[in-house]
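Student: Got a sequence here, can you model it:
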Amino acid sequence: MRASHYGMPPAPFQTRQSIAAALRALGVPRGGVLLVHSSLSAFGWVSGGSVAVVQALLDVLGPDGTLVVPSFTTPNREPSRWDPPPPESWWQEIRDSLPGFDPAITPSSGVGVITEQVRTWPGAIRSAHPQTSFAALGPRAAELMADHRPDCHYGEDSPLAKLERAGARTLLLGVGFARATAFHLAEYRIPGAAPRTYGCAVLDPDGGRRWIEYQDVSLDDGDFARLGADFERAAGHVISKGFAGLAPCRLFPITDAAAYAEKWLAEHR
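Tutor: Numbering: from 1, shown residues only. Below is the predicted model:
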């Protein structure tokens, strides 16, 4: 296998111990706060699968560290915006029948099995957003996941902004910059950011469910891969790169990513 700008990847057989060693070499800080976007299939063969990866992350962070993952629920949204959309004749029935988001039982979707492993880990705490929740393990989990309102996906009152203020880093574990939610913070900080209407199903306090609509910033990650490539060229000194198994990794501060993205989006959108 050829080397890349990340260095030479290790053998495809990986264990909890070998992944932990790779994460330490990358610079994941013990006792830190870490937001992880991941793909298990990128590792090669892992003895213990997603359980071993989560164990390795917790080993490296230690008892004082906090692990955070996106636990998004993308199917819980306006059916006319699904890709591809269902027949229009179904839309109202979908709005009337989708189960309300329940942090305890609604599975995450589209964010990988490692994320779902964290979400269901004993002691995990999940934020309350019905579409873009996060889940966390560790001593700061409750603080970081609290008060996540529907009308603030990734803004100043979201877990993402709290992570930035906590000095958290993002770890891209076998995925690219297109998955870097840190860039979404910048979308809220551009003057005159365009709003749009979102819809989803939520639970009522009495245990019933209802469909709600609300206004928030119009979010678009379609150019995040290009944004990330420019961020890496311009600010490569703040990005640590390596491998965990066969998975290429990038580790960087959320603060730096959001600050660069704010300038970049102002120029390119």
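
Student: what about the longest helix in the chain?
Tutor: Counting by DSSP state H, the longest helix found in the chain is helix 254-268.

Student: Nearest residue to residue 218 in space, ignoring adjacent ones along the chain?
Tutor: Residue nearest to residue 218 in three dimensions, not counting chain neighbours: residue 196, with 4.2 Å by C-beta to C-beta, 6 or more residues apart in numbering. Where you see a C-beta, it was placed from the backbone N, CA and C, and this is true even at glycine.

Student: who does the strand or helix carrying that neighbour touch, helix- and strand-wise?
Tutor: Under the criterion DSSP states H and E, the helix or strand holding residue 196 is strand 195-203. Counting contacts by 3 or more C-beta pairs under 8 Å, 6 or more residues apart in numbering; DSSP states H and E, strand 195-203 packs against strand 209-217.

Student: and the helix or strand following the strand it packs on, which residues are buried?
Tutor: Next helix or strand after strand 209-217 toward the C-terminus (DSSP H and E): helix 224-234. Using 16 or more other C-beta atoms under 10 Å as the test for burial, helix 224-234 gives 224, 227, 228, 230, 231, 232.

Student: Stretch 15-27: which residues count as buried?
Tutor: Quick answer for stretch 15-27 (16+ other C-beta under 10 Å): 15, 16, 18, 19, 20, 21, 22, 23, 26.

Student: So for the strand holding residue 196, what gets flagged as buried?
Tutor: So strand 195-203, judged by 16+ other C-beta under 10 Å, has buried residues 198, 199, 200, 201, 202, 203.

Student: how about those residues in JSON lines, adding pLDDT and distance to residue 210?
Tutor: As requested, the buried residues of strand 195-203 are exported to JSON lines (pLDDT from 0 to 100; distance: C-beta to C-beta, whole Å):
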{"residue": "198", "pLDDT": "97", "distance to residue 210": "15"}
{"residue": "199", "pLDDT": "97", "distance to residue 210": "11"}
{"residue": "200", "pLDDT": "97", "distance to residue 210": "10"}
{"residue": "201", "pLDDT": "98", "distance to residue 210": "7"}
{"residue": "202", "pLDDT": "97", "distance to residue 210": "6"}
{"residue": "203", "pLDDT": "95", "distance to residue 210": "8"}
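
Student: which one among those residues gets closest to residue 72?
Tutor: residue 200 (11.5 Å; C-beta to C-beta).

Student: who touches that closest one in this structure?
Tutor: 76, 77, 78, 98, 101, 130, 131, 150, 211, 212 (C-beta atoms under 8 Å, 6 or more residues apart in numbering).

Student: For residue 55, pull up the helix or strand it's in.
Tutor: For residue 55, the host element (DSSP H and E) is helix 49-61.

Student: So which bits of that helix are buried?
Tutor: In terms of neighbour count (16+ other C-beta under 10 Å), helix 49-61 has its buried residues at 50, 52, 53, 54, 55, 56, 57, 58, 59, 60, 61.

Student: ok, now stretch 157-164?
Tutor: In stretch 157-164, counting by 16+ other C-beta under 10 Å, buried: 158, 159, 160, 161, 162, 163, 164.

Student: cool, stretch 96-115 as well?
Tutor: For stretch 96-115, by 16+ other C-beta under 10 Å, it's 98, 100, 101, 103, 106, 108, 111, 112, 113, 114, 115.

Student: quick one: contacts of it?
Tutor: Contacts of stretch 96-115 (C-beta under 8 Å, 6+ apart): 36-40, 49-50, 53-54, 69-76, 116, 119, 126-128, 130-131, 133, 135, 173, 200-204, 208-211.

Student: one more time with 6 Å
Tutor: 38-40, 50, 53, 69-76, 116, 119, 126, 128, 130, 201-203, 209 (C-beta atoms under 6 Å, 6 or more residues apart in numbering).

Student: Next, the contact list for the residue nearest to the spatial centre of the chain, please.
Tutor: Nearest to the geometric centre of the chain sits residue 70, at 3.3 Å (C-alpha atoms, centre = their mean). Residue 70 is in contact with 111, 134, counting by C-beta under 6 Å, 6+ apart.
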